[in-house]
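Student: got a structure for you, letters missing:
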């Protein structure tokens, strides 16, 4: 079990899964630059955060719900958690809500401005939210959903053993690299072009064993030869 002071943001998991250097620049060095993609994502999340709770018949929609897990050492918030009223209790899969009658099945929903990715970055982040909710509500959550802005489509995510294992492993990696406190060297890959920190990271210059100092030294040598 982790202490309150040890909790790390759920959002860091997606940064870490995308690129450990990007994660370190943001979460260790405090570097952040917005580009078109991050601005669109922020705008979508702001719209999702407009209200606290909405009731639509047998569905209660909680927005911006705070999350925490002492088991996994995570904290953050869910864009939306939908609670579906069930007519009868399914042991271990329903919860009670304060001041509300009935049994409720929670379904976390994450909003993404882009399109589905070939890698499970988004699914891992959503699964981490589900793990927090399971601890908070003492339930087993079987599925969630991701709403993608392009195309405007909602996709179901099953929290099966495989996804839970990947999430657990990445959470362990997150705590390890955080306590190591080191920014890894850059390595240029195709996805670097979509990263808002490409100018700060300079992967083409500093990738591999190169350093900024070596690059400048070589540039100086080349200028002296001219």
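Tutor: Received it, and whenever you're ready, just let me know what you need. All values derive from a computational prediction rather than experimental measurement.
Student: correct me, but residue 20 touches residue 176?
Tutor: No: shown here, residue 20 and residue 176 do not form a contact pair, counting by Cβ atoms under 8 Å, at 10.7 Å. Every C-beta, even on glycine, is put in place using the N, C-alpha and C of the backbone.
Student: Pull the residues that contact stretch 166-182.
Tutor: Applying Cβ atoms under 8 Å, 6 or more residues apart in numbering, the contact partners of stretch 166-182 are 6, 8, 12-13, 16-17, 20, 23-24, 27-28, 72-74, 120, 124, 127-128, 131.
Student: next helix or strand past the worst-scoring helix or strand of the chain on mean pLDDT?
Tutor: When the helices and strands of the chain are scored by mean pLDDT, DSSP states H and E, helix 36-48 comes last with a mean of 51. Helices and strands here follow DSSP states H and E; after helix 36-48, the next one along the chain is strand 53-56.
Student: so what secondary structure elements neighbour that next one?
Tutor: Packing contacts for strand 53-56, counted by 3 or more Cβ pairs under 8 Å, 6 or more residues apart in numbering; DSSP states H and E, involve strand 59-69.
Student: Direction included, what does the helix or strand following the strand it packs on pair up with?
Tutor: Downstream of strand 59-69, the first helix or strand assigned by DSSP H and E is strand 74-86. Its sheet considered, strand 74-86 pairs with strand 8-9 (parallel), strand 59-69 (antiparallel), strand 100-112 (antiparallel) by DSSP bridges.
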